[in-house]
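K.L.:
After the sequence you'll find the predicted model.
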Amino acid sequence: SATRGEEGAQIIVRAITGRSATMAMARGAALRRPRLARALSDDARAASRLGSASGGREAWERALAPGLARVDARVTDAVSALEDLRSDVPKWRCAFGAVRAIAGANNKHLLRPQLVLMGHTAARGHAEAAMQDPSPALVDFAAGVELQHLFMFVHDDMMDQALQRRGQDTIQVALRKQDRAEREAAGGSSRNVSAQTIQYLTTLVGDVLQAKSAQLLASGERGCGGAGALGGPSAMDVVLDGAFRAGAAQFDDILGWAAVESSLAAEGPSSEAGSRLLVRLLHDKASFHSFAAPLVAGIRLGAAEPMPDLEAACEEVAMHVGAAFQGIDDVVDFVVDAKDSGKDRLQDLQAGRLSLPLFLLRQEATPAEWAEVVAILGSQSVLAPSERHHLLKMVQKYDLTSAALSFVDDEISRARAGLDDQALAAAEAAVLRRGLGVFVDGLAAIAANLRRQTAPP
C-alpha cells in the first residue's frame, strides 16, 4: 500500500543516518567468518522452524514435525514421479535427481508449507496439535507451494549462473557433469552438449515442476473444501498472485541498475524515489510471495467463510517479516562463504541484483564512486580480485552491513507491532500470533548475531 511504501522510505532514511564508517571489519572478517557461519546456520534453522531461544522452538518443532514430514515426503514423491516420466533418459534422470537433492537437503526450511499449516489451523479454530495431522489434501496443497518454490529456484539459479543451491549442485551444473560423464563413457566420441542446450533443458525442468505444482495446488484446494472451493476467495489465486509479483521483481532484477537509474531519473531528484522502489521490490520479491501468500492461502483452505480481517492482519505482519528476511539474505551474500550459506558468495553483487545494501550504497556513495560500482555490477563473469576488493571497500566505507541491519530491525519492530492487531488478538488466532511471534524472534536473533559478529573488534 502507499502508506507502507511511505513508512518503508522513512525506514531507509533512518537506516542510513548516524552511523560511523569502519575498516576494521575487513581485517577481522577472515577470522570471524566460520564462527559467523555456524551461528547463522544454527539461528536460521531455529527461525525457519518458527523457533526462538525463549523456549518456543521445541514446542513448535514438536507441533510441526509430523505434518512437515508428510509434506516433505509428498514433495519427494512428486519429484520422483516426474523423474519416472523419462527413466530411460540419463540427462532427465540426472536433472530430477538434482531437484530431489535440493528438495531433500538438510538445510531446507519448508517455510511456506509451515505457513500454510498455520493458517489452516487458525482458520479452523484448532490448537497447535492439529498441525501434526494434516489431511492428505492439505499436504498436497502445501507440497504444491513448496514445488513452486523449487521451480523458481531452478530458473533463478539458471539466470544467475549459480553453482550451488542449499549446498547441492544446481540443475545446470548437474547436467554439465552428466554430459561429461556420458562423453567419457563413450570414449570421447560423442559431441559436447552446448551451454545453450543446457539452458534449454534447465528451463524445461523448471516448467515441468511448475506444472506439477499447479496440479497439487488445484487438487489440494478441491480436497480441503474451504471457502475457495465453495466460491469464496481462492487459496490457489493468492499463491499465484505471489508468483506473479515475484516474477515481476525478478524481471526488475534482470533489467538491473540501468533500468533503475532510468526510472529514478523520470521521477526527478526526490531522494525518496529509490526508497519506494526498494520497498516495492522487497515486498514483491519476498514478502508477499514467501510469507503473506502461503499464510493467507492456509486461512482460505481452512475457513468455512471468508475471513478478510484476519487475512489483512496476517498480510501486514507477513510483509514486514518478509522484508526483514530478504534484508538478512542480502547481508549474508556479503559475509558468508558458499560452503556455509549454500549459495555463491557475492552472487547478488556479481549479477547486479537490486539488493538492499546496493540501494543503500547508491544513496550514500559519491557520483564517482557509484559510477565505478555500476561499471562492475552485472558483469556476468567471475569478479576479479581487484573488483571484489573495490566492492567490499565500499561496503566497509559506508558500513552497509550495519545500515542494512538497521532496516531489518525496523521491519522486525513493525512486524511485532502488527501482532497486536485486533484480528490476531482473537482466541482462535492464538496459533498464528504465537507462531508468527516466535518466528519474528528467530529473525531478530539472526540479525543480532550478524550485527555482533561483523562488528569491529
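P.N.:
Right, received. Where do you want to start?
K.L.:
Check the closest residue in space to residue 87 that isn't next to it in sequence and give its pLDDT.
P.N.:
In space, and not counting its chain neighbours, residue 87 is closest to residue 93: 6.3 Å by Cβ to Cβ, 6 or more residues apart in numbering. In short, each C-beta sits where N, CA and C put it, glycine included. Listed pLDDT for residue 93 reads 97.
K.L.:
Quick one: residues contacting residue 93.
P.N.:
By Cβ atoms under 8 Å, 6 or more residues apart in numbering, the contact list for residue 93 reads 83, 86-87.
K.L.:
okay, those in CSV with neighbour count next?
P.N.:
Converted to CSV, the contacts of residue 93 look like this (neighbours: other Cβ atoms under 10 Å):
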residue, neighbour count
83, 18
86, 13
87, 10
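K.L.:
So which of the residues you listed is the closest to residue 218?
P.N.:
Comparing those against residue 218 with Cβ to Cβ places residue 83 closest, at 21.7 Å.
K.L.:
can you pull the buried residues of the strand or helix carrying the closest one?
P.N.:
Secondary structure from DSSP states H and E places residue 83 in helix 56-83. Within helix 56-83, the residues that count as buried by 16 or more other Cβ atoms under 10 Å are 56-57, 60, 63-64, 67-68, 70-72, 74-75, 78-79, 82-83.
K.L.:
what's the answer for stretch 258-278, then?
P.N.:
For stretch 258-278, the neighbour count (16+ other Cβ under 10 Å) marks 260, 264, 273-278 as buried.
K.L.:
do the same with stretch 424-440
P.N.:
Across stretch 424-440, burial judged by 16+ other Cβ under 10 Å covers 424, 426, 429-440.
K.L.:
centroid residue for this protein?
P.N.:
With distances taken as Cα atoms, centre = their mean, the residue of the chain nearest its centroid is residue 286 (5.6 Å).
K.L.:
Am I right that that one is in contact with residue 325?
P.N.:
Yes - at 5.9 Å, residue 286 and residue 325 qualify as touching, with contact defined as Cβ atoms under 8 Å.
K.L.:
any residues in contact with both of the two?
P.N.:
With Cβ under 8 Å, 6+ apart, residue 286 and residue 325 have no common neighbours.
K.L.:
count of residues packed around residue 187?
P.N.:
Using other Cβ atoms under 10 Å, residue 187 has 7 neighbouring residues.
K.L.:
State the distance from it to residue 213.
P.N.:
Here the criterion is Cβ to Cβ, to the nearest Å. By it, residue 187 lies 40 Å from residue 213.
K.L.:
One more: residue 104?
P.N.:
Applying Cβ to Cβ to residue 104 and residue 213 gives a distance of 17 Å.
K.L.:
So which of the two has more stuff around it?
P.N.:
Taking other Cβ under 10 Å, residue 104 and residue 213 do not tie; residue 213 has more neighbours (25 against 14).
K.L.:
pretty sure residue 395 is touching residue 356, no?
P.N.:
No - the criterion here is Cβ under 8 Å, and residue 395 misses it with residue 356 at 11.9 Å.
K.L.:
Comparing these two, which residue is more hemmed in?
P.N.:
Ranked by neighbour count (other Cβ under 10 Å), residue 395 and residue 356 place residue 356 first, with 27 against 23.
K.L.:
pLDDT score for that one?
P.N.:
88.
K.L.:
Mind telling me what element the closest residue to it other than its chain neighbours is part of?
P.N.:
Using Cβ to Cβ, 6+ apart and skipping the chain neighbours, the partner closest in space to residue 356 is residue 330 (4.4 Å). Secondary structure assigned from DSSP H and E places residue 330 in helix 308-335.
K.L.:
buried ones in that helix?
P.N.:
In terms of neighbour count (16+ other Cβ under 10 Å), helix 308-335 has its buried residues at 310-311, 313-335.
K.L.:
Likewise for stretch 127-134?
P.N.:
Here stretch 127-134 shows 128, 130-132, 134 as buried, counting by 16+ other Cβ under 10 Å.
K.L.:
how long is it end to end?
P.N.:
Using Cα to Cα, to the nearest Å, one end of stretch 127-134 lies 13 Å from the other.
K.L.:
And for that stretch, what's in contact with it?
P.N.:
With contact meaning Cβ under 8 Å, 6+ apart, stretch 127-134 is reached by 59-60, 63-67, 70-71, 117-118, 120-121, 124, 142, 431, 434.
K.L.:
So for that stretch, mean pLDDT?
P.N.:
Here stretch 127-134 scores 87 as its mean pLDDT.
K.L.:
repeat for stretch 259-277
P.N.:
Averaging pLDDT along stretch 259-277 gives 73.
K.L.:
how far out from the middle of the chain is that stretch?
P.N.:
Chain-centre distance of stretch 259-277: 25 Å, with Cα atoms, centre = their mean, to the nearest Å.
K.L.:
And stretch 297-311, by the same measure?
P.N.:
Centre-to-centre, stretch 297-311 and its host chain are 24 Å apart (Cα atoms, centre = their mean).
K.L.:
picking that back up, so the residue nearest to the centre of the chain: helix, strand or coil?
P.N.:
In terms of secondary structure, residue 286 is helix; the call rests on DSSP: H, G, I helix; E, B strand; the rest coil.
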